[in-house]
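[1] need coordinates for the following:
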Amino acid sequence: MMKKIDKITAMKMRIIESGYKAVDHLIEVAEEKIIQKHFDSEGELAELSADKLKNAAATKKIAIFDAFDILARIEAEREAIEQFEKGESETDSKKGFAERHSK
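    Numbers count the residues shown, from 1 in each chain. Prediction:
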């Protein structure tokens, strides 16, 4: 039977793997072209409005920032798991409270 700590660690590792997949999807969003051929209802090539272009750029920005936030959290969780597996606690380091919690 799996110990509670082992089960939690396994769940965290699954979350980390899911986080990497989410980052891949966010990268796909960020890499999509903003300006694509857009046709109106009559089949004519139409220009996108400034508002739509601005919204598309904002969406890309959010996708990029979210990807970095997810990667930073994944890194922090991996470090915490590695420290736990080595038998170290967060307070064993030479850093003070402020240094440990600054990001």
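
[2] quick one: secondary structure of the residue of the chain most remote from its centre?
    In the chain, the residue that sits farthest from the middle, by C-alpha atoms, centre = their mean, is Glu42; the gap is 40.3 Å. Glu42 carries the three-state label coil when classified by DSSP: H, G, I helix; E, B strand; the rest coil.

[3] mind checking how far it is from Ala50?
    Per C-beta to C-beta, to the nearest Å, Glu42 is found 22 Å from Ala50. In short, each C-beta sits where N, CA and C put it, glycine included.

[4] over to Val29?
    21 Å.

[5] and Ile16, how many neighbours?
    Burial measure for Ile16: 16 neighbouring residues, criterion other C-beta atoms under 10 Å.

[6] Val53 and Ile34 touch, don't they?
    You called it Val, but residue 53 is Leu. Yes. Using C-beta atoms under 8 Å, Leu53 makes contact with Ile34 at a distance of 6.4 Å.

[7] and Ala63, how many neighbours?
    19.

[8] confidence score at it?
    At Ala63, the model reports a pLDDT of 97.

[9] tell me which element it is part of?
    For Ala63, the enclosing helix or strand under DSSP states H and E is helix 50-86.

[10] for that helix, packing partners?
    Applying 3 or more C-beta pairs under 8 Å, 6 or more residues apart in numbering; DSSP states H and E, one finds that helix 50-86 makes contact with helix 4-31.

[11] got the buried residues for the helix it packs on?
    Of the residues in helix 4-31, those buried by neighbour count under the rule 16 or more other C-beta atoms under 10 Å are Thr9, Ile16, Gly19, Val23, Leu26, Ala30.

[12] that's a strand at Lys33, yeah?
    No. Using three-state DSSP, the secondary structure at Lys33 is coil, not a strand.
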